[in-house]
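Visitor: any chance you could fold what I've pasted below:
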Amino acid sequence: MNSMDYSLLGFGMPGIPELLLIFFIILVVFGANRLPQLGDALGKGIRNFKKSFSSDTTEAEASRVEAKQVDSNDPIVTESTAVKSEKKSS
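Guide: Purely as a prediction, here's the structure:
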């Protein structure tokens, strides 16, 4: 037996009656007029989360590419590292 067997605990995917009950509770708590606003806010939040996650990934990739270009192509960086290594050896 798997220790994470949810069927033994009575948990599983919610069916139609459970989803209807959850929707009814949300309807009672927030009201019919607020449901479209709530859905819109939830959608914007999910979009912003995805957008920020993808922009962080692209920024990290761009900084890695930029660092590689600076390390290999910039004569100032190679001169400064040569000066530092000469100071260390002195």
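Visitor: low-confidence regions, the chain specifically.
Guide: 1-10, 69-90 (pLDDT under 70).
Visitor: one more time with 90
Guide: Flagging of the chain using pLDDT under 90 yields the residue ranges 1-15, 23, 26-27, 30-36, 38-39, 50-90.
Visitor: can you give me the helices in it?
Guide: Shown for the chain, the helices assigned by DSSP state H span residues 6-9, 16-30, 35-73, 75-89.
Visitor: report the buried residues of stretch 23-38.
Guide: Neighbour-count burial for stretch 23-38, with 16 or more other Cβ atoms under 10 Å as criterion, is recorded at no position. Backbone N, C-alpha and C define where each C-beta goes, glycine included.
Visitor: can I get it in CSV? Just the C-alpha atoms.
Guide: The C-alpha atoms that make up stretch 23-38 are tabulated as CSV, following Å, rounded to 0.1, in the frame of the first residue of the first chain:
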residue,chain,number,x,y,z
PHE,A,23,-20.3,27.3,-5.8
PHE,A,24,-23.4,27.8,-3.7
ILE,A,25,-21.4,28.7,-0.6
ILE,A,26,-19.3,31.2,-2.7
LEU,A,27,-22.6,32.6,-4.1
VAL,A,28,-24.0,33.1,-0.6
VAL,A,29,-20.8,34.6,0.9
PHE,A,30,-20.0,37.0,-2.0
GLY,A,31,-23.3,37.6,-3.7
ALA,A,32,-24.3,37.3,-7.3
ASN,A,33,-23.2,40.8,-8.2
ARG,A,34,-19.7,40.3,-6.9
LEU,A,35,-19.0,37.0,-8.7
PRO,A,36,-17.9,38.5,-12.0
GLN,A,37,-15.6,41.0,-10.2
LEU,A,38,-14.2,38.1,-8.2
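Visitor: so what's Ile22 closest to, chain neighbours aside?
Guide: The spatially closest residue to Ile22, leaving aside those adjacent along the chain, is Pro14, at 7.4 Å (Cβ to Cβ, 6 or more residues apart in numbering).
Visitor: how about that neighbour, phi and psi?
Guide: Dihedral angles of Pro14 (phi, psi; degrees, to the nearest 10) stand at phi -70, psi 140.
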